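J.: below are the sequence and a predicted model; questions follow.
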Amino acid sequence: MSSEPMLRVENLTKRFPGALALDAVDFSLKAGEVHALLGENGAGKSTLIKCLTGAYRRDSGEIVLDGQPVDPRDTFDAQKLGIGTVYQEVNLLPNLTVAENLFMGRQPLRFGMVDTRSMNRDARQMLAQYGLEIDVARELSAYSVAVQQIVAIARAVDLSGKVLILDEPTASLDAHEVRMVFDIVRSLREKGLGIIFITHFLDQVFEISDRLTVLRNGRLVGTRAIAETERLDLVTMMLGHELSQETREHAAERGGKPETRFRFRGFGRARSIAPFDLDIGRGEVVGMAGLLGSGRTETAEVIFGIRPHDSGSAEMDGAPLALTSPRKAIAAGIGFCPEDRKTDGIVGDLSVRENIILALQARRGWARPLSAREQNTLADRFIKALDIRTSDREKPIKLLSGGNQQKAILARWLATEPQLLILDEPTRGIDVGAHAEIIRLIEDLCAEGMSLLVISSELEELVAYARRIVVLRDRAHVTELGGAEIDTDSIVRAIAADAGTEIGT
Amino acid sequence: MKSRYLPLAATTAIFLIAYALCYAQFPAMLSTRVIGNLLTDNAFLGIAAVGMTFVILSGGIDLSIGSVIAFTTVFIAVVLANSSMHPLAVFALALVITTLFGATMGAIIHYLEMPPFIVTLAGMFLARGMAFVLSTDSIPIAHEFYSVLQSLYWRMPGGGRLTLIGGLMLLVFLIGMVLAHRTRFGANVYALGGGVATARLMGVSVGHTTICIYALSGLLAGLSGIVFSLYTTAGYSLAAVGVELDAIAAVVIGGTLLTGGSGFVAGTLLGILIMGLIQTYIIFDGTLSSWWTKIVIGVLLFVFIFLQKGILWATSRNAAALENAHGR
């Protein structure tokens, strides 16, 4: 391994309206190394990658490749410079043959016609280097995701050949397929390629990488050699707990044990989340902690019926509940604020009022519309109660800031007066002021007797309001912390605990 | 068998079975005379359907071709009646106009990011309207060159005639096959049908390809109009109403996926022949209403929609089985 880095990124800064996505980030990649890039959602991983591949233009900073400053304008430009990317969702055409995918846009020609025979021969040779012997004249869709992923890698390497960026290439592969891809990554490393590997499976990081870089909230946390990094350090770097003033009263220390309202037994769904037992009491906040991809969101989606459960049972106040679709979950008094407001939560072009009344109207059914007066009263009440900053209730919700959108979605569910409200990352992407307000709101809600299930990567936050915390790892509930056990250190330890876990399913 | 050949195999099987059934009842249907007429009668539809095949393979649709055919016939008839231009020059002019018309629609679809359905629907009204502006009457074409062209044919063994326009259709199909399966342009068309965003990421020039596809469809619609004017020796603005739908039907019966990305130009030829065969059978029978053509085509379309869904379902199940097989 040479000591001079092949790719060097210095002081890279990228601003989006209202947010600093990358704040003076440094990064370096040597020839012949696998460098893992880690961080939670919104940490800036994909922004960094997009700046490298030309999908985004950086605001300031330097990218130096082989000693030359470079400025890729688009994906092709990056490819010509030698930077190739393979995405999680295979970016190839399933309806074309394997050979056509490998040689799209540069098919060998003979008398102006595509020379299919020599194209197929070249494709076979190219894939043979990867130990893949398949019929290249068949459509790509005839092969498994792993083979498609390898074809994508072969294409990227053939087109660029210096830097290979693998953006969660193993997310939808099983253990055997991951091994296949890793063998290829190792052989490419030996050939001297620099490989940037993005994943959220920690086991894989330790298995394949030489170095790792952690980003958090757009800032560089640090770069370490794998050999010198402990699992615990890594989780701490990713989740970060500066142990700010521990002055808050722990929710866990308040009150006695509440009566159990919701009881889940053996609840789960194959390939999403292992069966779990969970009790949630009246006026109780249960937190869910774990890394990205650990099954937090899946738990919420299984409970809310977005991915219907295929095992176990649910009860509310001792009566069985059928939670097989979101409609039934809403009817049972369950609300869910999803993580990605933009795609799953708000309806951008509808007004604040319309967004607020949406769930309540859905529960009443189309035959019993809310009158205009009822809608206005309801909207005004929540705009006031939650302090949603909008000039008026008819403003399209997409014009509001992130925090206010989040409050409007919260209002939507509060309007249905739910028995159980699930919040997935309620404070993600909103400014500090709104942050505190949402936390206060959560505390008020449970004081009124509502049960809450909150997913958050902000451990201090969870510690502040959760009475119990469920820790997840590899799509299973592994530990439950309660009472005095709740502090960020023990959460981090529980997340990092290495139980010889399997990758995927 | 590879699943992408399955619809083509089904079309071939249907054609052979249908022909065998016809032959069993009317042995005369196997003569080269019938085959010659089948090609001649469907020449204009076949040529237009080749263009439609490219459009549908790319994931689009072109509703304007019927109107463009009508416009072309009227344009030729009006120019020939009012000037001394040679028909070949008029043909060339007509083809330039229809090609530019198609290219413009392609450019609008690409640059304004409009759905092809709406853009070509507008093109359909526009072309039909232009035909009416030129003339609302049916104008006979009396140029002697037309008689020369019409008298050109190759006498097949058995006495059947392969006319100029029938032969032209076969030639267009041949060129279409080479273009679709043996050129980079063809690969780009399939790539667009597989996914525009991915195709762009893989280096396909999406705008250029889209414009070329609709220009090709316009060119072939113009050629189809020339053939139609040779076939009917007239120009009429109400001609070829609904031909775009017949062309779409032929493409789908030919095994091309309506969502794009999968299919064969040769399949469209079989689709045309199946549709022509049904009509010939009805003529031979003599007692059936010609509406039976529509009914049979309707049933065939349903069969192919189910077939395509079935294949998609089978492939996805196969892939899942494959994954499970070596995953566990």
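T.: Perfect, I can see it now. Numbers count the residues shown, from 1 in each chain, chains lettered A, B, ... in the order given.
J.: you'd agree B:Thr73 is up against B:Gly235?
T.: Yes: using CB atoms under 8 Å, B:Thr73 is in contact with B:Gly235, at 4.0 Å. C-beta here means a position set from N, CA and C on the backbone, and glycine is covered the same way.
J.: of these two, who's got more company?
T.: With neighbours defined as other CB atoms under 10 Å in any protein chain shown, B:Thr73 and B:Gly235 compare such that B:Thr73 has more, 32 against 29.
J.: in whichever strand or helix holds the more buried one, what's buried?
T.: Following DSSP states H and E, the helix or strand that holds B:Thr73 is helix B:65-82. By 16 or more other CB atoms under 10 Å in any protein chain shown, the buried positions in helix B:65-82 come out as B:65-80.
J.: near chain B at all, stretch A:102-113?
T.: Yes: using CB under 8 Å from any CB of the partner chain, stretch A:102-113 comes into contact with chain B via A:104-107, A:109, A:112-113.
J.: quick one: the helices in the stretch 51-200 of chain B, in order.
T.: Remark: helices assigned in the stretch 51-200 of chain B by DSSP state H, counting those that start in this stretch are B:65-82, B:87-111, B:116-134, B:144-151, B:164-182, B:184-194, B:196-201.
J.: what residues of the last one count as buried?
T.: Just to be clear, that refers to helix B:196-201. B:196, B:198-199, B:201.
J.: any stretches of the chain with poor pLDDT?
T.: You didn't say which chain, so I picked chain A. A:1-3, A:18-19, A:41-42, A:90, A:240-257, A:340-344, A:429-435, A:498-505 (pLDDT under 70).
J.: wait, chain B
T.: Chain B contains residues with pLDDT under 70 at B:1-3, B:312, B:315-328.
J.: in space, not sequence, find me the middle residue of it.
T.: When CA atoms, centre = their mean is applied to chain B, the residue found nearest the centroid is B:Ala49 (0.4 Å).
J.: picking that back up, now the helices of the stretch 51-200 of chain B in a markdown table, with distance to chain A?
T.: What follows is those, written out as a markdown table (distance: least, CB to the nearest CB, whole Å):
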| stretch | distance to chain A |
| --- | --- |
| helix B:65-82 | 25 |
| helix B:87-111 | 18 |
| helix B:116-134 | 18 |
| helix B:144-151 | 31 |
| helix B:164-182 | 4 |
| helix B:184-194 | 4 |
| helix B:196-201 | 5 |
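J.: so which of those is nearest A:Val471?
T.: Comparing those by their distance to A:Val471 (CB to CB), the top pick is helix B:196-201, with 38.2 Å.
J.: against which helices or strands is that closest one packed?
T.: Helices and strands touching helix B:196-201, by 3 or more CB pairs under 8 Å, 6 or more residues apart in numbering or on different chains; DSSP states H and E, are helix B:184-194, helix B:206-232.
J.: JSON lines please, covering these and showing mean neighbour count.
T.: Shown next, in JSON lines, are the helices and strands packed on helix B:196-201 (neighbours: other CB atoms under 10 Å in any protein chain shown):
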{"stretch": "helix B:184-194", "mean neighbour count": "24"}
{"stretch": "helix B:206-232", "mean neighbour count": "25"}
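J.: now those helices as a markdown table including distance to A:Ala385?
T.: Output for the helices and strands packed on helix B:196-201, formatted as a markdown table (distance: least, CB to CB, whole Å):
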| stretch | distance to A:Ala385 |
| --- | --- |
| helix B:184-194 | 50 |
| helix B:206-232 | 49 |
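J.: among these, which is nearest B:Gly310?
T.: helix B:184-194 (19.8 Å).
J.: only alpha carbons, please: show the closest one as PDB.
T.: Extracted as PDB, the C-alpha positions of helix B:184-194 are listed here (Å, rounded to 0.1, in the frame of the first residue of the first chain):
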ATOM      1  CA  ARG B 184     -26.500   1.100 -31.400                       C
ATOM      2  CA  PHE B 185     -29.600   3.100 -32.100                       C
ATOM      3  CA  GLY B 186     -31.700  -0.100 -31.600                       C
ATOM      4  CA  ALA B 187     -29.900  -0.900 -28.400                       C
ATOM      5  CA  ASN B 188     -30.600   2.700 -27.200                       C
ATOM      6  CA  VAL B 189     -34.300   2.200 -28.000                       C
ATOM      7  CA  TYR B 190     -34.500  -0.900 -25.800                       C
ATOM      8  CA  ALA B 191     -32.500   0.900 -23.200                       C
ATOM      9  CA  LEU B 192     -35.100   3.700 -23.100                       C
ATOM     10  CA  GLY B 193     -37.800   1.100 -22.700                       C
ATOM     11  CA  GLY B 194     -35.900  -0.400 -19.800                       C
END
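J.: give me the helices and strands touching that helix, please.
T.: With contacts defined as 3+ CB pairs under 8 Å, 6+ apart, the packing partners of helix B:184-194 are strand A:113-114, helix B:43-57, helix B:164-182, helix B:196-201, helix B:206-232.
J.: of all these, which one is nearest A:Glu207?
T.: helix B:196-201 (29.1 Å).
J.: can you give me how far the closest one is from the chain middle?
T.: How far helix B:196-201 lies from its chain's middle: 27 Å, per CA atoms, centre = their mean, to the nearest Å.
J.: what's in contact with it?
T.: Residues outside helix B:196-201 that contact it (CB atoms under 8 Å, 6 or more residues apart in numbering or on different chains) are A:75, A:91-93, B:59, B:188, B:191-192, B:206.
J.: out of those residues, which comes closest to B:Leu112?
T.: Nearest to B:Leu112, judged by CB to CB, of the contacts of helix B:196-201 is B:Val206 at 13.7 Å.
J.: could you dump the buried residues of helix B:196-201 into CSV and include distance to B:Leu223?
T.: Shown next, in CSV, are the buried residues of helix B:196-201 (distance: CB to CB, whole Å):
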residue, distance to B:Leu223
B:Val196, 28
B:Thr198, 33
B:Ala199, 28
B:Leu201, 35
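J.: out of the residues you listed, the closest to A:Ile134 would be?
T.: B:Thr198 (20.5 Å).
J.: return stretch B:135-154 as PDB; C-alpha atoms alone will do.
T.: Extracted C-alpha coordinates of stretch B:135-154, given in PDB (Å, rounded to 0.1, in the frame of the first residue of the first chain):
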ATOM      1  CA  SER B 135     -59.000  19.400 -49.100                       C
ATOM      2  CA  THR B 136     -62.200  17.900 -47.600                       C
ATOM      3  CA  ASP B 137     -63.000  15.900 -50.700                       C
ATOM      4  CA  SER B 138     -61.600  12.600 -51.900                       C
ATOM      5  CA  ILE B 139     -59.200  13.600 -54.800                       C
ATOM      6  CA  PRO B 140     -58.500  10.900 -57.400                       C
ATOM      7  CA  ILE B 141     -54.900  10.600 -58.500                       C
ATOM      8  CA  ALA B 142     -54.600  10.200 -62.300                       C
ATOM      9  CA  HIS B 143     -50.900  10.500 -62.900                       C
ATOM     10  CA  GLU B 144     -49.600   7.900 -65.300                       C
ATOM     11  CA  PHE B 145     -46.600   7.100 -63.100                       C
ATOM     12  CA  TYR B 146     -49.100   5.700 -60.600                       C
ATOM     13  CA  SER B 147     -50.300   3.200 -63.200                       C
ATOM     14  CA  VAL B 148     -46.700   2.200 -63.800                       C
ATOM     15  CA  LEU B 149     -46.000   1.700 -60.100                       C
ATOM     16  CA  GLN B 150     -49.200  -0.300 -59.600                       C
ATOM     17  CA  SER B 151     -48.400  -2.600 -62.500                       C
ATOM     18  CA  LEU B 152     -45.100  -3.600 -61.000                       C
ATOM     19  CA  TYR B 153     -45.200  -7.000 -59.400                       C
ATOM     20  CA  TRP B 154     -43.300 -10.200 -59.100                       C
END
